[in-house]
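>>> sequence-free structure coming up:
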């Protein structure tokens, strides 16, 4: 009879352990499952004949749910333009000189959700 109790208790402990492992596995935050939308998704800047004035565009990031701030902003070609400043979900892109081409503006939040937009400089 004592052997039955030991096996029965072992079965309960195993079931409780599996249940706790199942519950524990559901508590982690998802990484990068949502895409961040940038507005505008594409922008065209006129950089020729700007008489020394900087061509800029304001980007706003949004997500179906809360953004995990702070956001990391970047560009694919810093020679074309840079992120001059950013705060919260907004960032200002500034064209560098009169160079033309396409630049990708990218953003990532603290949960690795990402988004991008294209800036065409002509």
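Thanks, I have it. From a predicted model like this one, the values you see are computed outputs, not experimental measurements.

>>> immediately after the helix or strand of the chain with the lowest mean pLDDT, which helix or strand?
Across the helices and strands of the chain, mean pLDDT, DSSP states H and E gives its lowest value to helix 2-25, namely a mean of 47. Going down the chain from helix 2-25, the next helix or strand is strand 37-39, by DSSP states H and E.

>>> my guess is residue 86 contacts residue 71, does it?
Yes - taking CB atoms under 8 Å as the definition, residue 86 is a contact partner of residue 71 at 6.8 Å. Backbone N, C-alpha and C define where each C-beta goes, glycine included.

>>> and the two? Which one has more around it.
Taking neighbours as other CB atoms under 10 Å, residue 86 and residue 71 compare with residue 71 leading, 20 against 17.

>>> and the more buried one, how close does it get to residue 107?
Per CB to CB, to the nearest Å, residue 71 is found 5 Å from residue 107.

>>> okay, and the common contacts of these two?
61, 91 (CB atoms under 8 Å, 6 or more residues apart in numbering).

>>> quick check: end-to-end length of stretch 47-60?
Using CA to CA, to the nearest Å, the end-to-end distance of stretch 47-60 comes to 22 Å.

>>> please disregard the earlier target; I meant stretch 77-95.
End to end - CA to CA - stretch 77-95 spans 11 Å.

>>> begin at 41, not 1, for the rest of this chat.
From this message on, residue numbering opens at 41, which makes the last subject stretch 117-135.

>>> quick one: contacts of it?
The contact list for stretch 117-135, computed with CB under 8 Å, 6+ apart, reads 83, 85, 87, 94-102, 107, 109, 111, 113-115, 136, 139, 141-145, 147, 159, 161.

>>> mind doing that once more with 7 Å?
Contact with stretch 117-135 is made by 85, 87, 94-102, 107, 109, 111, 113, 115, 136, 139, 141, 143, 145, 159, 161, as judged by CB atoms under 7 Å, 6 or more residues apart in numbering.

>>> looking at those residues, which are in strands?
Judged by DSSP state E, these include 85, 96-102, 113, 115, 141, 143, 145, 159, 161 as members of strands.

>>> how about residue 80, nearest residue that isn't a chain neighbour?
residue 157 (6.5 Å; CB to CB, 6 or more residues apart in numbering).
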